[in-house]
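Undergrad: pasted the sequence and its predicted model underneath.
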Amino acid sequence: MSIIMKRVHVVTDSTSGISQQDIEKYGIHVVPLTIFIDGESFQDGENLTPSQFLDKMTQSKALPKSSQPPMGVFEALFNELGKDGDDVLVLTLTHTLSGTVRSAESAAQSSIANVKVMDSQFTSWALGFQVLEAAKMAQQGNSLDEIIARVETVRDNMKLYLVVDTLENLIKGGRIGKGMGMVGALLNIKPVATLHEGALTNFAKVRSHKQVVKLLKKQFLEDTAGKTIKGIGLEHANSPILTEPLLDFFKNEVGFDDVHFNVTSPIISTHTGVGAIGLSYYAE
């Protein structure tokens, strides 16, 4: 009598930065968020690429808006994946940036499948690394509980720094007041924020791109001192002035040349504007 092993299916949203190649390689299921630009709607990553979005955003009359996947889309996927008794693990971007995790939780409650929803407390590659770790373990046959325990460890060691080049989109989106925006623009301030336990907090304000690079290098070396670097992800919204020196630093000074490098998800670019970067990494 053969024993049928339960599989674990890994589901995430479209903000993780994971390449199509890795999505296919590790059998990851991606549920897209929706983007609205000047009356048109697009499915993130499906009929609108991050680069196409940046072009449309710079030409749009108003700030684009985004919407989490409907509960019904999640529920249909969960039911399909769990129809033979398999488990489903869902990792989403932080609840502070989107209602995606709430939509997934509602779907999990009404699904026939055994579904565990985890708030990654991050986005971009800080989410992507958690998803990749889970998917690799699922492929190796690990149980849902084993995968969750490992993902929690990855999450606890994760860092994400966000650098905004222009305050324009933050003002349009109501994230900061116009007065602060005018002051910031006059002083040419580059805000550096960090995501910690899901909350976006101001980390530093610097005056130039060179100072941004210097700050991020110093912080990276402090955060990873005496540890093994497990992953580095660098996302950008057309910002070679920041990404080129950082990529050079990771390759030639740190000795880590497997940096995941890609254009930022439209969901994040909407808030940060052109010229922003997101640097994610974890070390143990």
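TA: Ah, there it is.

Undergrad: now do the buried residues in the helix or strand encompassing Thr243.
TA: Per DSSP states H and E, Thr243 falls inside helix 240-248. Buried residues in helix 240-248, counted by 16 or more other C-beta atoms under 10 Å: 241-243, 245-247. Where C-beta positions appear, they are placed from N, C-alpha and C, glycine not excepted.

Undergrad: for this protein, what helix or strand is lowest in average pLDDT?
TA: helix 178-187 (a mean of 44; mean pLDDT, DSSP states H and E).

Undergrad: and the next helix or strand past it?
TA: Counting by DSSP H and E, the next helix or strand C-terminal to helix 178-187 is strand 190-196.

Undergrad: could you dump that following strand to CSV, C-alpha only?
TA: This file holds the C-alpha atoms of strand 190-196, laid out as CSV (Å, rounded to 0.1, in the frame of the first residue of the first chain):
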residue,chain,number,x,y,z
LYS,A,190,16.6,62.0,-0.5
PRO,A,191,14.5,60.2,2.2
VAL,A,192,15.7,56.7,3.1
ALA,A,193,13.0,54.6,4.8
THR,A,194,13.0,51.1,6.2
LEU,A,195,10.3,48.5,6.6
HIS,A,196,10.3,47.0,10.1
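
Undergrad: just want the angle from the helix or strand following it to strand 190-196.
TA: Next helix or strand after strand 190-196 toward the C-terminus (DSSP H and E): strand 199-206. Strand 199-206 and strand 190-196 are oriented at 150 degrees to each other (axes from the mean of the first three to the mean of the last three C-alpha atoms, to 10 degrees).

Undergrad: show me what strand 199-206 packs onto, helices and strands only.
TA: If you count contacts as 3 or more C-beta pairs under 8 Å, 6 or more residues apart in numbering; DSSP states H and E, strand 199-206 packs onto strand 190-196, helix 209-224.

Undergrad: just the buried residues of stretch 39-47, please?
TA: 42, 44-45.

Undergrad: what average pLDDT does it get?
TA: Mean pLDDT, stretch 39-47: 87.

Undergrad: tell me where the model's unsure across the stretch 151-284 of the chain.
TA: Where the stretch 151-284 of the chain drops to pLDDT under 70, the residues are 165-188.

Undergrad: and for the stretch 1-150 of the chain?
TA: Looking at the stretch 1-150 of the chain by pLDDT under 70, you get 1-4.

Undergrad: same thing but at 50, please
TA: Along the stretch 1-150 of the chain, segments meeting pLDDT under 50 span 1-2.

Undergrad: now the helices: where do they sit in it?
TA: Ranges of helices in the stretch 1-150 of the chain, per DSSP state H, counting those that start in this stretch, are 20-25, 50-59, 71-81, 100-110, 124-139, 144-156.

Undergrad: and the second one, what does it pack against?
TA: Identification of packing neighbours for helix 50-59 by 3+ C-beta pairs under 8 Å, 6+ apart yields strand 34-37, strand 260-263, helix 266-272.

Undergrad: and Glu235, its phi and psi?
TA: Torsion angles at Glu235 (phi, psi; degrees, to the nearest 10) stand at phi -110, psi 150.

Undergrad: quick check: bridge partners of it?
TA: Beta-bridge pairing for Glu235 (DSSP bridges): Asn262, Gly278.

Undergrad: ok, it touching Pro266?
TA: No. Checked against C-beta atoms under 8 Å, the pair Glu235 and Pro266 is beyond contact range at 11.5 Å.

Undergrad: sorry, back to before: Phe261 is nearest to which of the helices of the stretch 1-150 of the chain?
TA: Taking C-beta to C-beta, helix 124-139 is the member of the helices of the stretch 1-150 of the chain nearest to Phe261, at 9.5 Å.

Undergrad: among the buried residues of stretch 39-47, which lie within strands?
TA: Per DSSP state E, strands hold the following members of those: Phe42.

Undergrad: so which of the buried residues of stretch 39-47 comes closest to Lys25?
TA: Of the buried residues of stretch 39-47, the one sitting nearest to Lys25 (C-beta to C-beta) turns out to be Gly45, at 16.6 Å.

Undergrad: just give the closest residue to that closest one, not the sequence neighbours.
TA: Nearest non-adjacent residue to Gly45, counting by C-beta to C-beta, 6 or more residues apart in numbering: Ser14, 4.5 Å away.

Undergrad: the one you found is in contact with Ile267, isn't it?
TA: Yes. With contact defined as C-beta under 8 Å, Ser14 reaches Ile267; the gap is 7.3 Å.
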